[in-house]
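S.K.: 3D, please:
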Amino acid sequence: MNGVLVIDKPADYTSFDVVAVVRRLAGREKTGHTGTLDPMATGVLPILLGRATRAASLLEDTSKEYEASFALGCVTDTQDSTGAVLARSEKRAARAALEAVLPRFRGEILQLPPMYSAVRKDGKKLYELARQGMTVEREKRPVTIETLVCTRFDEETQTGALTVRCSKGTYIRTLCADIGEALGTYGVMTALRRTAACGFTLADACPLDEARALAEAGRLEERVLPVERLFLSRPALRVSEAQARRFGNGGGLDLGRTALARNAPADGAVFRVCTQEGAFLGLGQADAAANELKVLKLFC
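M.R.: Residues are numbered from 1 along each chain as shown. Predicted coordinates for the structure are as follows:
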């Protein structure tokens, strides 16, 4: 079984828990995921199976999309509702005030990684230090918030929801906390659902219980998507039968003998290499100096 199984991760599972379950269900030792979700979060978690694990190091830093719920007036040590409450505020925010501060968080911004995160400091993960009651200095990191929309806000309960499209490495719980601070109060994330990642959406996702049932029926492979789906942003290059054999054996291709001959690709450009019938072989990278399409990674 080779490809991508997109799981709709349930709450209270770590991403590694899901990988372990899928590894057992699929009977594949080579299994990995493409991006961690916190235990309280649900939603799109692409799992790589078999030869698809070769893609892990090549995945682009594509945007991710989330639906997040938040509450104002409270701060916790984890910046979400699972943590210990550190302080409360009686200040109340109006919807208009909330809408007014959101533009500050759109575009390229700097975010301070939370102590309860997997970011490393002097070789140790921050959450390991946080569990020991330690707080250390961290450097702010640049992230990009492409979309930030408040879809709901109840002024009475001071609770609401956000739709966020953002770059890899963005902490939504930190975003909620920072929005609260900008309003002169506190903020915590109360729920998080990832709706898109690596080009996959919830429409592609299989609930974990459904995956278990399919595996018991011997039909899990029906939900496994081709690894090529991870690279649809790369242009496709169809090659001859002889070229397909050479490429599949690790040999580079003469660019002048491919469909790229008329329009020389930029040095380093990456292509999906396919047979004439459309079967995906792997990724090739243009070497302008050698006039060759070299093998970047094979998946055949």
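S.K.: then stretch 267-276 to CSV, C-alphas only?
M.R.: Output of stretch 267-276 as CSV, limited to C-alpha atoms (Å, rounded to 0.1, in the frame of the first residue of the first chain):
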residue,chain,number,x,y,z
ASP,A,267,17.9,25.9,-13.6
GLY,A,268,16.5,23.9,-10.6
ALA,A,269,12.9,23.8,-11.9
VAL,A,270,11.1,20.7,-10.7
PHE,A,271,8.7,18.6,-12.9
ARG,A,272,6.4,15.6,-12.4
VAL,A,273,7.8,13.0,-14.7
CYS,A,274,5.1,10.7,-16.1
THR,A,275,4.8,8.0,-18.8
GLN,A,276,2.9,8.6,-22.0
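S.K.: Can you pull out the residues in contact with it?
M.R.: Applying Cβ atoms under 8 Å, 6 or more residues apart in numbering, the external contacts of stretch 267-276 come out as 228, 231-232, 234-241, 244, 247, 260, 265, 280-289, 293, 296. No exception for glycine: its C-beta is placed from N, CA and C like everyone else's.
S.K.: filter those to the buried ones?
M.R.: 228, 231, 234, 237-239, 244, 247, 260, 265, 280-287, 293, 296 (16 or more other Cβ atoms under 10 Å).
S.K.: what's the first-to-last distance across stretch 89-99?
M.R.: 20 Å (Cα to Cα, to the nearest Å).
S.K.: Residue 61: what secondary structure?
M.R.: With DSSP: H, G, I helix; E, B strand; the rest coil as the basis, the three-state label of residue 61 is coil.
S.K.: So which of the contacts of stretch 267-276 are in strands?
M.R.: 236-238, 280-287, 293, 296 (DSSP state E).
S.K.: Which two of the residues you listed have the greatest separation?
M.R.: Distance extremes for the ones in strands among the contacts of stretch 267-276: the farthest pair is 280 and 287 at 21.1 Å, using Cβ to Cβ.
S.K.: top strand in this structure by residue count?
M.R.: Ranked by residue count and defined by DSSP E, the top strand of the chain is strand 141-154.
S.K.: in that strand, what's buried?
M.R.: With the criterion 16+ other Cβ under 10 Å, strand 141-154 contains buried residues 143-145, 148, 153.
S.K.: same check, this time on stretch 156-169
M.R.: If you call a residue buried by 16+ other Cβ under 10 Å, then stretch 156-169 has these buried ones: 158, 160-162, 164-166, 168.
S.K.: Looking at those residues, which is nearest residue 25?
M.R.: residue 168 (27.2 Å).
S.K.: Which residues are in contact with the closest one?
M.R.: 35, 61-64.
S.K.: I'd assumed it was in a helix, is it?
M.R.: No: when classified by three-state DSSP, residue 168 is found to be coil rather than part of a helix.
S.K.: start at 381 instead
M.R.: With the count now opening at 381, the last piece we talked about shows up as residue 548.
S.K.: Pull up the per-residue confidence for residue 509.
M.R.: Residue 509 carries a pLDDT value of 58.
S.K.: let me redo that: residue 440
M.R.: In this model, residue 440 carries a pLDDT of 70.
S.K.: what's the neighbour count on it?
M.R.: 13 (other Cβ atoms under 10 Å).
S.K.: now the residue lying closest to it once chain neighbours are set aside: how far from residue 442?
M.R.: Sequence neighbours aside, residue 613 is the residue nearest to residue 440 in space, at 6.8 Å (criterion: Cβ to Cβ, 6 or more residues apart in numbering). Distance of residue 613 to residue 442, given as Cβ to Cβ, to the nearest Å: 8 Å.
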